[in-house]
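Trainee: kindly generate the corresponding structure for this input.
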Amino acid sequence: MEKKTPLYDFHLEAGAKMVPFAGYSMPVQYTDIIEEHLAVRQKAGLFDVSHMGEIMVSGQDALKNINYLFTNDFTSMTDGRVRYSPMCNEKGGVVDDLLIYRMAQDKYLVVVNASNREKDFEFMKSHAFGEVILEDISDSLAQIALQGPKSKEILSKLTDEENIPQKYYTFKDGVKVAGIDCLVSQTGYTGEHGYELYCASKDAPSLWNALLTAGKDEGLIPCGLGARDTLRLEAAMPLYGHEMDDTITPLETGLDFGVKLEKDDFIGKSALVAKGEPQITRVGLKVIGRGIIREHSSVFIGDDIIGETTSGTFLPYLNGAYAMALIDKVFCTVGTHVSVDVRGRRVDAEVTALPFYKKS
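Mentor: Numbering: from 1, shown residues only. Below you'll find the model as predicted:
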């Protein structure tokens, strides 16, 4: 039986279509995925992302553990900053990609993908050392994402300006939003300006309603997992289980910005160094023929398979069919013509630059 987020009843009341996802019953759409997608690009959308996992890492050796567990370098990170990082296994494959919030020198909030919550927690615990405490606090928190160009205007109605983080990948903790204690970060998974708000699970319904009420005149609407996926693909944001997994390294899928090989050590470093220069890379594909490309489809040049698609669909704002793929690096030049096998039929496409969409 699927778990329910604190906002489950509100999704039903709003007429959402519910689907099982990562062990939860989640809204895939409320009205129409395209309508919800365009609302985020042009106005604002509200997402229940309370299914995500949160792990607190604290103690005298918290930083040493964070630096060893994750491929990015957190040595110079300051309080109130957020940093993205893959977490690798000993063979260099990706266990998950995460966000790390520095609460204090000895305290970090790690946000993990919903489907990997238990796996990540066990992996982290099995590699922990020294004076460190790891706590899975996921059930005590709700997470709501307010995304879109109108998001700051909406949030400003519910809290003081000083409580709103001004820079991307920064956060403010212990602030009041509509009278509710929140952590507010300027982060998101849509490629649009926006915020993610963390609060106690019991306060989620009040916060959700306050945000929807405040955003009514700005066109704010609730959005589901369907739009969340098309938005992240349009912004070329990788998703665990698609663009990366336990067999694909972060260097092969274009996440080298989050891998600091020059730091002392981290899990998987020796394997990444031993593998050398990646021979495959993540690219964008734009359909120039007729059809829509989905994931796990072979990519061809002539009769030769050069890779496989990892995500693909019709992207509403760009009004076209696109995909991401992992292909032989030799063929990654923008403009290269390829074909993709879609249920036995070849669909013509060309390699195009990532991201597909970038906010102005």
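
Trainee: can you give me the strands for the stretch 101-250 of the chain?
Mentor: 107-112, 133-136, 141-147, 171-177, 180-185, 194-200, 221-223 (DSSP state E, counting those that start in this stretch).

Trainee: between those strands, which one is closest to Leu251.
Mentor: Nearest to Leu251, of all these, is strand 107-112, at 21.0 Å by Cβ to Cβ. From N, CA and C alone the C-beta is placed, and that goes for glycine too.

Trainee: now the strands of the stretch 101-250 of the chain as CSV including distance to Val340, mean neighbour count and mean pLDDT?
Mentor: As requested, these are exported to CSV (distance: least, Cβ to Cβ, whole Å; neighbours: other Cβ atoms under 10 Å; pLDDT from 0 to 100):
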stretch, distance to Val340, mean neighbour count, mean pLDDT
strand 107-112, 32, 22, 98
strand 133-136, 40, 16, 98
strand 141-147, 30, 25, 98
strand 171-177, 40, 18, 98
strand 180-185, 37, 22, 98
strand 194-200, 32, 23, 98
strand 221-223, 29, 24, 98
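
Trainee: where in the stretch 1-150 of the chain is pLDDT low?
Mentor: Across the stretch 1-150 of the chain, nothing is flagged by pLDDT under 70.

Trainee: show me where this structure has its helices.
Mentor: For the chain, helices defined by DSSP state H occupy the ranges 8-13, 33-42, 62-69, 117-127, 151-155, 204-214, 225-234, 269-275.

Trainee: tell me which of those helices lies nearest to Glu308.
Mentor: helix 225-234 (15.8 Å).

Trainee: so which elements touch that closest one?
Mentor: Other helices and strands packing on helix 225-234, by 3 or more Cβ pairs under 8 Å, 6 or more residues apart in numbering; DSSP states H and E, are strand 24-29, helix 33-42, strand 304-315, strand 320-328.

Trainee: and of these, who's closest to Tyr68?
Mentor: Here strand 320-328 is closest among the helices and strands packed on helix 225-234 (Cβ to Cβ), at 27.5 Å.

Trainee: residues of that closest one that come out buried?
Mentor: Judged by neighbour count (16 or more other Cβ atoms under 10 Å), strand 320-328 contains these buried residues: Ala321, Tyr322, Ala323, Met324, Ala325, Leu326, Ile327.

Trainee: got the angle for that strand vs strand 304-315?
Mentor: Relative orientation of strand 320-328 versus strand 304-315 (axes from the mean of the first three to the mean of the last three Cα atoms, to 10 degrees): 150 degrees.

Trainee: show me the contacts for Leu69.
Mentor: Leu69 is in contact with Met87, Met124, His127, Phe266, Ile267, counting by Cβ atoms under 8 Å, 6 or more residues apart in numbering.

Trainee: coming back round to it: list just the nearest of the buried residues of strand 320-328 to Ser201.
Mentor: Met324 (34.0 Å).

Trainee: could you give the bridge partners of the closest one?
Mentor: Gly284, Ser311 (DSSP bridges).

Trainee: please apply the same query to Phe47.
Mentor: Ala145, Cys223.

Trainee: so it touches Cys223, yeah?
Mentor: Yes - counting by Cβ atoms under 8 Å, Cys223 is a contact partner of Phe47 at 5.4 Å.
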